[in-house]
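Student: what's the 3D shape of this:
(3 chains)
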Amino acid sequence: MIIERLAWLVDERGVDPRHLLAMTFTNRAAGEMRTRLSERLGMRQVGAWLGTFHSFGLYVLRRESERLGRSRQFTVVDDGDQLSLMKRLVKDLPGKCAPVSPREALRWISVRKQDLKTPEEETAASRQDETCRLLWKQYHEALAKSNGVDFDDLLVLTAQLFHEHDEVRARYGNRFGYVHVDEYQDTNRAQYVIARELVRDHANLFVVGDEDQSIYAWRGATIRNILDFEADFPGARIYRLEENYRSTRTILNVANAVVAHNSQRLGKTLRTSREDTRPVRLYEAEDADEEARFVAEDIAAGGLSPRDTAVLFRTHGQSRLIEEALRHKGLAYVVIGGVSFFGRKEVKDLLAYLRLVVNPDDDQAVRRVLNVPNRGIGEHTLETIDAYAAERDCRLFSVLRDIEHDQTLPLRARDGAGRFVHIVDSLAEKAKSSPLATLVNLLLDDIGYRDYVKRSDERDFRTGLEIVEEFVSACVRFDEKKRGTLQTFLEELALASDADQLDPNAPAVKLLTCHSAKGLEFDNVYLIGLEEGFLPHASAFESESELEEERRLCYVAMTRARNRLTLSLARSRIVFGSRYGREPSRFLGEVPAALLEHLRPAGSGPKRGEAKPSAAPAADPARLTMGTQVRHAQFGPGVVMYTKGTGAKMRARIRFHTGRTREFMVSVAPLEILERKKP
DNA sequence: GAGCGAAACGAGGAT
DNA sequence: CGTTTCGCTC
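Tutor: Numbers count the residues shown, from 1 in each chain, chains lettered A, B, ... in the order given. Here you go, the predicted model:
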C-alpha cells in the first residue's frame, strides 16, 4: 500500500523522492519496499529514505551527535552487554533495596523508556519499582559514560531531540515532506512522537495498520496510536481495506472466527475472491515427536514445494523436534532467529574487539574480552582496575593504558593489559586503511583466537572454528558489497533483525516463530503446538488483554498462509525433562467444527491402550504438603520438600531417594501419593 | 588465577 | 534438559 502511494507521489505529483520517508518494522520489509519501488519507478526512486524506525533514529543521532553530548563514535550496545551491565548494577545495589532480577529491571526500564518516561518523573508504586528507578538512573549514567546507546535510545533520544530542538525538528520535517509508517499498530509512543514531530509543519502522514495484528504490546507498542489516529491528526482520511488478496476463503474464515472472539476491537471481516473448498486441516498428535513426524512426512508426501512451506510456532524451543524430523526425512530447512550466529560467544568476542576499535570507551566490550584469550587478568585485577576507573572517573581502557608501571598489580596482569591495549591500538591504526576482512584476520592472528577456540572447546572445536570462519566470510562479503566503514558494519549488525535473514526463495522449508512471520506469506503453512500453554502462552493466562494479544498472534499466524493451512497439536510433551499432558488450545474451540478437517494419527488405535507416563493420574494438590511421600512415574519414590502456588498452578519440589531434587507442576505431573509406608 | 566437576537455575515473543 | 554459577583444588 505504501509502495502505491510512494509511486503515485513521484509519478503523478512530481514529488522529489528525496522528500519521501517510509518507516517499516524490519529491514527486510524496507528492502522489499525498495525493490518494488524500483520496479515501478526505475532509477527515479533513488533518494527516498526507506528503513526501520530504529535505523532512522540512528541516522538522525549520528548527524546530530554533538547536540546529544556524545561523540560521533558512539556504539549501539547489544542485549548481552545490556544484561551484563545490569547484572553488575544489581549486584552493587545497596542492601536495603528490594530484590529484582536484572532481566526484570531491564524490561521495566525499557517499557517506560519506549513510553518516553524519565526516571525522575516515574512514581514508584512499590519497593521493587523504587529499586528499578534507581537502576534506571545508574544504567543511564553508565551507558552515557561508555558512549553507548541501547535500542530504545535510538527512538527515545530522537524523539527528545525533535522535542527540545525546534530547529532540528523543522529541518527534518522540511527535508521529509511525506512521511509513511508501516505496521502502525505496533508502534510505541516514542515512534508516534517521532512521526508526529516530523509532520508538524505539513501534516503529510500516511500510516498503514491493522488492529487485529497488534502483537507487540509486551514490547511497549500501544494500540492507542491506531485507535486515536483521527483525534491525533484532525481531518485525517481513513481508508478501510477489507479485501484480502492473499489467503483463500476457508483460511480467512478460520482466522476470522478466532479473532472475532476478541472484545477489544473495532471489528471487520475480511473478504476474498480466492475460492477454495479444501478445509483447514487439524492434526492431533499423541506427543510432540509424533507431531514433528507428521509435519515432516506431510511435507515430504504432499508434493508441496519446500520453498513455499513454512512451519510456525509460538516459542523457539518448539523448532528442535521439527528440525530433527525434517533432517530425518532429508528435507532442507532454514531456521529464522533462535540461538543464531550472532548469539554465539565467538561472534560476540570478535564484535567486542571491533567495537573497541571504534569506541574505546565501551566498557562492556572491555569487560567481555580483556581476558579473552586468557591474559592473566582475573576477577581480582579487574576489580582493581574498576576501582581506579571509578576514582578517576574515566573509562576502563584509559586505565589500562597507563597501568603498566603500577607496582601494586601483579606483573602478568600489567603485561596482559599492555598487550591488550597494543592490540586494540594497532587495529585502530590499521582500520583506517584496511578492508574489514584484513582487519579481522589480523585480529584473529594477534590474539591467537583460532587456537583459543580449539583449546576451549576440544570436543567439537570445529563448530567454534566454523563460526569464526563464517564471521570472516561475512566480513569479506561486506567488503565486496558495501565497501563501508567498520562503524557501518557494526551498525548493520546491531540493527539486523531475525526476519532479515530470510531468503524467501531459498529451496528449503522455513521455520520461524509466529512473531517473526509478521508481514510474510507462504503457500503452505503449518501452525504447530495449538495447545493451552503455547497458544495462548501460559504467561498470558492471568490477563484478559494478554489473552487477546495471543488471539491476535494466532490470527496473524493463520493468515500467513496463501493456499493451505495445517494446524497441529500434541497431547503430551516433555518439558524440563518430564512428560506433561497438554490440552488443545481454547482458540480451536472458537472455530466452527465444519471449517476443520480432523486428521487422526495413522494406526493410533491399538497403540492408544499403551501405558505412558502421562496417563498416570495427577496427584490431588490439596493432599501434597511438606514431607508427603510420593512416587513419580519416571523418577521413582521421593519426598515433597516444599510447595508453591495453589490449585492448578501449584508446583512442588521433590527430593528423590537418589538424592536429586526436581520441581513439578502438581496438576499434570505423573505423581502418586504413597499413603502407607511400604512394608 | 585457572580449571574442573557439581549444583543451581532457568525458556516468551524481538527491533 | 541445557546452560550458567559456585566452590574447591592446584
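
Student: isn't A:V60 right next to A:L161, touching?
Tutor: Yes. Between A:V60 and A:L161 a contact is recorded at 6.8 Å, counting by Cβ atoms under 8 Å. No exception for glycine: its C-beta is placed from N, CA and C like everyone else's.

Student: got a list of contacts for stretch A:422-440?
Tutor: By Cβ atoms under 8 Å, 6 or more residues apart in numbering, the residues outside stretch A:422-440 that reach it are A:350, A:353-354, A:356-357, A:360, A:397, A:442-443, A:446-447, A:471-472, A:475-476, A:478-479, A:486, A:489.

Student: actually, stretch A:467-477.
Tutor: A:341, A:344, A:346-347, A:350, A:436-437, A:439-441, A:444, A:449-450, A:453, A:489.

Student: again, but for stretch A:383-397
Tutor: A:145-146, A:356, A:360-361, A:363, A:366-367, A:370, A:398-400, A:403, A:408-409, A:417, A:421, A:424.

Student: PyMOL command to pick out the buried ones of those?
Tutor: Per 16 or more other Cβ atoms under 10 Å, the buried members of the contacts of stretch A:383-397 correspond to this PyMOL selection:
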select buried, chain A and resi 146+356+360+361+363+366+367+370+399+400+403+409+417+421+424
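
Student: just the contacts of stretch A:383-397: which are in helices?
Tutor: Counted as lying in helices by DSSP state H, out of these, are A:145, A:356, A:363, A:366-367, A:398-400, A:417, A:421, A:424.

Student: tell me the confidence at the closest residue to DNA strand B within the stretch 451-600 of chain A?
Tutor: Nearest to DNA strand B in the stretch 451-600 of chain A, going by Cβ to the nearest atom of the strand, is A:S497, at a distance of 3.0 Å. At A:S497, the pLDDT value in this model is 83.

Student: could the ones in helices among the contacts of stretch A:383-397 be laid out in JSON lines, adding pLDDT and distance to DNA strand C?
Tutor: Shown next, in JSON lines, are the ones in helices among the contacts of stretch A:383-397 (pLDDT from 0 to 100; distance: Cβ to the nearest atom of the strand, whole Å):
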{"residue": "A:K145", "pLDDT": "89", "distance to DNA strand C": "23"}
{"residue": "A:L356", "pLDDT": "92", "distance to DNA strand C": "22"}
{"residue": "A:D363", "pLDDT": "90", "distance to DNA strand C": "18"}
{"residue": "A:V366", "pLDDT": "91", "distance to DNA strand C": "18"}
{"residue": "A:R367", "pLDDT": "89", "distance to DNA strand C": "13"}
{"residue": "A:S398", "pLDDT": "91", "distance to DNA strand C": "27"}
{"residue": "A:V399", "pLDDT": "90", "distance to DNA strand C": "24"}
{"residue": "A:L400", "pLDDT": "90", "distance to DNA strand C": "23"}
{"residue": "A:A417", "pLDDT": "89", "distance to DNA strand C": "23"}
{"residue": "A:V421", "pLDDT": "93", "distance to DNA strand C": "26"}
{"residue": "A:V424", "pLDDT": "94", "distance to DNA strand C": "25"}
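
Student: please identify which pair of those residues lies farthest apart.
Tutor: Spatially, the most separated pair among the ones in helices among the contacts of stretch A:383-397 is A:K145 and A:A417, at 20.0 Å (Cβ to Cβ).

Student: now check stretch A:511-529, is it near DNA strand B?
Tutor: Yes. Under the criterion of Cβ under 7 Å from any atom of the strand, stretch A:511-529 makes contact with DNA strand B via A:513, A:515-516.

Student: closest one of these to DNA strand C?
Tutor: Minimum distance to DNA strand C across the residues of stretch A:511-529 next to DNA strand B is 18.4 Å, recorded for A:T513 (Cβ to the nearest atom of the strand).

Student: by neighbour count, which of the contacts of stretch A:467-477 wins?
Tutor: In terms of neighbours by other Cβ atoms under 10 Å, those top out with A:V440 at 25 neighbours.

Student: so it: helix, strand or coil?
Tutor: helix (DSSP: H, G, I helix; E, B strand; the rest coil).

Student: what separates the one residue in chain A that gets nearest to DNA strand C from A:A352, distance-wise?
Tutor: Nearest residue of chain A to DNA strand C (Cβ to the nearest atom of the strand) works out as A:G577 at 3.7 Å. Note on A:G577: its distance to A:A352, by Cβ to Cβ, to the nearest Å, is 34 Å.

Student: equivalent analysis for A:R392, please.
Tutor: From A:R392 to A:A352 the distance is 23 Å (Cβ to Cβ).

Student: of the two, give the one with the bigger neighbour count.
Tutor: Between A:R392 and A:A352, A:A352 has the larger neighbour count (other Cβ under 10 Å), namely 21 against 10.

Student: name the element the more buried one belongs to?
Tutor: Element membership for A:A352, per DSSP states H and E: helix A:345-358.

Student: chain center to that helix: distance?
Tutor: 21 Å (Cα atoms, centre = their mean, to the nearest Å).

Student: near DNA strand B, list only the ones from the contacts of stretch A:467-477.
Tutor: Near DNA strand B, taking Cβ under 7 Å from any atom of the strand as the test, no member of those is found.

Student: output stretch A:154-161 as PDB, nothing but the C-alphas.
Tutor: The C-alpha coordinates for stretch A:154-161 follow below in PDB (Å, rounded to 0.1, in the frame of the first residue of the first chain):
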ATOM      1  CA  LEU A 154      17.600   5.200  19.100                       C
ATOM      2  CA  LEU A 155      14.000   6.200  19.300                       C
ATOM      3  CA  VAL A 156      13.900   8.000  22.700                       C
ATOM      4  CA  LEU A 157      16.800  10.300  22.000                       C
ATOM      5  CA  THR A 158      15.500  11.100  18.600                       C
ATOM      6  CA  ALA A 159      12.100  11.900  20.000                       C
ATOM      7  CA  GLN A 160      13.700  14.100  22.700                       C
ATOM      8  CA  LEU A 161      15.900  15.800  20.100                       C
END
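
Student: and it, does that touch DNA strand B?
Tutor: No. Counting by Cβ under 7 Å from any atom of the strand, DNA strand B has no neighbours in stretch A:154-161; the shortest distance is 7.7 Å.

Student: distance from that stretch to the middle of the chain?
Tutor: On the basis of Cα atoms, centre = their mean, stretch A:154-161 sits 21 Å off its chain's mean C-alpha point.
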